[in-house]
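> here you go, sequence then predicted model.
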Amino acid sequence: MSVVEELTARAHPSDADQRQVRAARCTPDQPIAIYQVHLASWMRVPEEQNRPLTLSELASKLAAHLENLGFTHVQLHLPSYADQPGLKNLADCLHQRNLGLILETNLGSKNAVPPNSGGFLGDGVCADGDTLLFDYRYTWDAAWSEETCSYFSLDPSQRKSCQAPYVRRESHAFTANYILPLSDALVTRPRRSLWTAMPGDAWQKFANLRLLFACQYLLPGKKLVFMGNEIGQQNPWRPETSLDWHLIQAGGVHGQLMNWVANLNRFYRAECALFQTDASAAGFQWVYTSDASSGVISFLRRNADGREVLLAVLNFAPAPLHNYRVGVPQGGFWEETLNSDAREFGGSGQGNLGGMEAAPFGWNSQSHSLIITLPPLGAVVFKAPQNV
């Protein structure tokens, strides 16, 4: 019997209630944000000949990191030294924090997830009663990942001519229960980090990364982030060494980027318009995608009953835009609820002072409009007033 089979078989009956709670959180109308981990290289001990942490040593550290960042699930690539007691301890530690567990065996394989196949996440199985892969089969949207990262790797001056292909995802976005992955595949072929792939100077690289994460979390689809991306890992990922944890120990922009990812996870889990209608075209609407000259796109997200509405506006250019008019479907005060350019996340601090009143001036085929400030390489989100 394999480690995975033994772990599943020995799930304790007293865990049933907890498993039911996790199962309820795996349905298509719930938020799912997965942290993908290669356990042997997530964290090592440099002073002890760079040895990997044991599963028991990993358990509390990994669970605390996931909880602090607000992920709902962790997808683990098991190391060759995995043992049943250590894995059971790790699973227990994760489940005590209500974190779902997905096990896989072929991290880095280009055939791990057949694109658009409706198949499993890799060749993994869920452990200890988690049902993400059993009851609901999510598919990685490999096309989104490739097009998005290709678009972001361009110098902003080149993005204007390439914006149209980037916004065509609606042709397939609602044909399956998709996951938007910033996965291991992006750092293993070729072997470079997402931070390295971003254009510009150091400030622009971090701004681009914040904007990239914003795109992932604001568009329809569940989320998957490969380890190291959340801290702006600069070195290419190598399975024989640790992530560059020293980058966040000294504070600064790497820690601020990690705080942005944590903030996105909290925002994503709190706003039902971002997850209830992932598989329904009724929950998504482009506002304007033809402003290539400015490098701006905008769209709406709605929850299942249509009462909660979010407006996302993304600026892919390195210059701020002031007095930018964007259409909205109703009047009232639209609260600015998210801003990737906030100083706490390493941005320049440009924004909209908490929100603004919509003017009864139609724009972008909408009945009202806002005149906003768009930060450089930034994303802003406004929430509509309810009961209007």
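All right, it came through fine.

> let me know the helix or strand that residue 82 is in.
Counting by DSSP states H and E, no helix or strand carries residue 82.

> so it sits against residue 54, correct?
No - using CB atoms under 8 Å as the test, residue 82 is too far from residue 54 to be in contact (9.9 Å). (C-beta placed from N, C-alpha, C; glycine too.)

> give me the more crowded residue out of these two.
Taking other CB atoms under 10 Å, residue 82 and residue 54 do not tie; residue 82 has more neighbours (20 against 17).

> could you report the distance from the more buried one to residue 40?
Note on residue 82: its distance to residue 40, by CB to CB, to the nearest Å, is 9 Å.

> same question for residue 286.
Distance of residue 286 to residue 40, given as CB to CB: 43 Å.

> mark out where each domain of this protein begins and ends.
The record's domain parsing of the chain by automatic domain parsing lists 3-272, 281-383.

> ranges for the strands of the stretch 1-150 of the chain?
Assigned by DSSP state E, counting those that start in this stretch, the stretch 1-150 of the chain shows strands spanning 33-38, 44-45, 51-52, 73-77, 100-104, 125-126, 139-140.

> quick one: low-confidence parts of the chain?
1-25, 105-138, 164-166, 187-191, 387-388 (pLDDT under 70).

> show me where the stretch 1-150 of the chain has helices.
Assigned by DSSP state H, counting those that start in this stretch, the stretch 1-150 of the chain shows helices spanning 3-9, 16-24, 39-42, 55-69, 84-96, 132-135, 142-152.

> center of the chain - which residue?
The centroid of the chain falls nearest to residue 223 when counting by CA atoms, centre = their mean (4.4 Å).

> where does that one fall, secondary structure wise?
Element membership for residue 223 (DSSP H and E) is strand 222-226.

> the stretch 201-350 of the chain: strands as residue ranges?
Residue ranges of the strands in the stretch 201-350 of the chain, as given by DSSP E, counting those that start in this stretch, are 222-226, 284-291, 296-302, 309-315, 321-328, 332-339.

> returning to that earlier point: by contact count, what packs against the strand holding residue 223?
When contacts are defined as 3 or more CB pairs under 8 Å, 6 or more residues apart in numbering; DSSP states H and E, strand 222-226 packs onto strand 33-38, strand 178-182, helix 202-218.

> turn the strands of the stretch 201-350 of the chain into a markdown table, including distance to residue 36.
Shown next, in a markdown table, are the strands of the stretch 201-350 of the chain (distance: least, CB to CB, whole Å):
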| stretch | distance to residue 36 |
| --- | --- |
| strand 222-226 | 5 |
| strand 284-291 | 25 |
| strand 296-302 | 24 |
| strand 309-315 | 24 |
| strand 321-328 | 34 |
| strand 332-339 | 24 |
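
> figure out which of those strands is closest to residue 204.
Closest to residue 204 of those is strand 309-315 (CB to CB; 12.5 Å).

> now for the closest one, which elements pack on it?
Packing partners of strand 309-315 (3+ CB pairs under 8 Å, 6+ apart): helix 202-218, strand 296-302, strand 321-328, strand 368-374, strand 378-383.

> recalculate using a threshold of 6 Å.
Judged by 3 or more CB pairs under 6 Å, 6 or more residues apart in numbering; DSSP states H and E, the packing partners of strand 309-315 are strand 296-302, strand 378-383.

> can I get it as CSV, trimmed to CA atoms?
Extracted as CSV, the C-alpha positions of strand 309-315 are listed here (Å, rounded to 0.1, in the frame of the first residue of the first chain):
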residue,chain,number,x,y,z
VAL,A,309,-21.2,44.2,-8.3
LEU,A,310,-17.5,44.9,-8.6
LEU,A,311,-15.8,47.1,-11.2
ALA,A,312,-12.1,46.2,-11.9
VAL,A,313,-10.0,48.6,-13.9
LEU,A,314,-6.4,47.6,-14.9
ASN,A,315,-3.7,49.9,-16.2
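
> can you list the neighbours in contact with it?
With CB atoms under 6 Å, 6 or more residues apart in numbering as the test, strand 309-315 has contacts from 218, 273, 296-302, 326, 328, 374, 378-384.

> I'd like the distance from that strand to the chain centre, please.
Chain-centre distance of strand 309-315: 16 Å, with CA atoms, centre = their mean, to the nearest Å.

> stretch 340-353 now?
Here stretch 340-353 is found 20 Å from its chain centre; the criterion is CA atoms, centre = their mean.

> mind listing what's buried in that stretch?
Using 16 or more other CB atoms under 10 Å as the test for burial, stretch 340-353 gives 340-342, 345-347, 350-352.

> from one end of it to the other, what's the distance?
14 Å (CA to CA, to the nearest Å).

> same check on stretch 66-80?
OK, stretch 66-80 end separation, CA to CA: 23 Å.

> would you mark the buried spots in that stretch?
Within stretch 66-80, the residues that count as buried by 16+ other CB under 10 Å are 66, 69-79.

> and for stretch 258-266?
Residues of stretch 258-266 classed as buried: 258-265 (neighbour count, 16+ other CB under 10 Å).

> could you export it as PDB, CA atoms only?
Extracted C-alpha coordinates of stretch 258-266, given in PDB (Å, rounded to 0.1, in the frame of the first residue of the first chain):
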ATOM      1  CA  MET A 258       3.600  38.800   0.100                       C
ATOM      2  CA  ASN A 259       1.300  41.100   2.000                       C
ATOM      3  CA  TRP A 260      -0.400  41.900  -1.400                       C
ATOM      4  CA  VAL A 261      -1.000  38.200  -2.100                       C
ATOM      5  CA  ALA A 262      -2.400  37.800   1.400                       C
ATOM      6  CA  ASN A 263      -4.700  40.800   0.900                       C
ATOM      7  CA  LEU A 264      -5.900  39.400  -2.400                       C
ATOM      8  CA  ASN A 265      -6.800  36.100  -0.800                       C
ATOM      9  CA  ARG A 266      -8.700  37.900   1.900                       C
END
